[in-house]
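**Q** Here is my input, please return the structure:
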Amino acid sequence: MAYKVVRAFLAGGLVLASSMIVHAHGDVNPQPVDTAGLPALDEEWLIENPYRADPAGEDVWLKAIEIGASGYNQNCARCHGLEVVSGGLAPDLRFLEAEEYGDEWYMERYRFGYTQNGITKMPAFGELLGQEAAWAIRTYIETRPDGDAMEEVSDELKALRDQLAGYADGTDGADPDALKSRLSEIAGGIETLSSAPIADSVAYRAAKQIDGTQEGYKTAAETLTIGLSATQ
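**A** Model prediction:
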């Protein structure tokens, strides 16, 4: 089933979209990605993402997302859209399944690029950016939260943000455990379009930042403010 989904993705949106782009990818000069902090990988290119939360662990997963976000914005967003939300000319990579078949296709394109009728639609990034950058960008892409799911909980997240802002200035008392629990519950209900098991949502991030201190409440409130603004 997964193989059929990926093939449909390629044959439909990807190939059609690629035929609409004349020089977009070809005009991009790949920008280096600083992968310091990620586990180094062997020279042999992998075909499955080693930086997923399982088995890499949460710390590596979060670092990969951080680095992948920077790498994506520098090298991919121009064609594939901010936050990986395609504007229609390039495929929406959020739908590329987070499993073996999706990984294989992704790495093939990343390493060797894509040319159609002698025109470079996507440059080869493999030798220029390396394997660690490849999987960091892949991790960022596959963990984007479903926009519709975010919209469904946006009102409650705004209310929680306002509560956190009040706790941050010390005017209100707070129950950090209850706040973390509710935000974690919301985060658990937000899915990815890639079927990756965990979405890197603002609810997930804010829950991690609450530590019972005013600074923690302030940081979590800012995370929700920025994240909710980006989804509007």
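
**Q** Let me see the confidence value for Thr231.
**A** Thr231 carries a pLDDT value of 67.

**Q** go on, Ala24?
**A** For Ala24, the model assigns a pLDDT of 43.

**Q** likewise the one 5 residues further on?
**A** The score at Asn29 is 79. That number is its pLDDT.

**Q** From one end of stretch 120-130 to the other, what's the distance?
**A** With Cα to Cα, to the nearest Å applied, stretch 120-130 spans 20 Å between its terminal residues.

**Q** meant to ask about stretch 206-223, not that
**A** 6 Å.

**Q** Now do the buried residues in that stretch.
**A** 206-210, 216-223 (16 or more other Cβ atoms under 10 Å). For the C-beta atoms, the positions are set from N, CA and C on the backbone; glycine is no exception.

**Q** Give me the distance between it and the centre of its chain.
**A** 21 Å (Cα atoms, centre = their mean, to the nearest Å).

**Q** Okay, helices next: where are they in this structure?
**A** 2-9, 15-20, 53-56, 58-75, 77-80, 100-112, 126-129, 131-142, 147-168, 176-188, 202-209, 214-230 (DSSP state H).

**Q** out of those, nearest to Pro39?
**A** Ranking the helices of the chain by proximity to Pro39 (Cβ to Cβ) places helix 58-75 first, at 6.3 Å.

**Q** Geometric centre of this protein: which residue is closest?
**A** In the chain, the centroid-proximal residue (Cα atoms, centre = their mean) is Tyr140; its distance is 2.9 Å.
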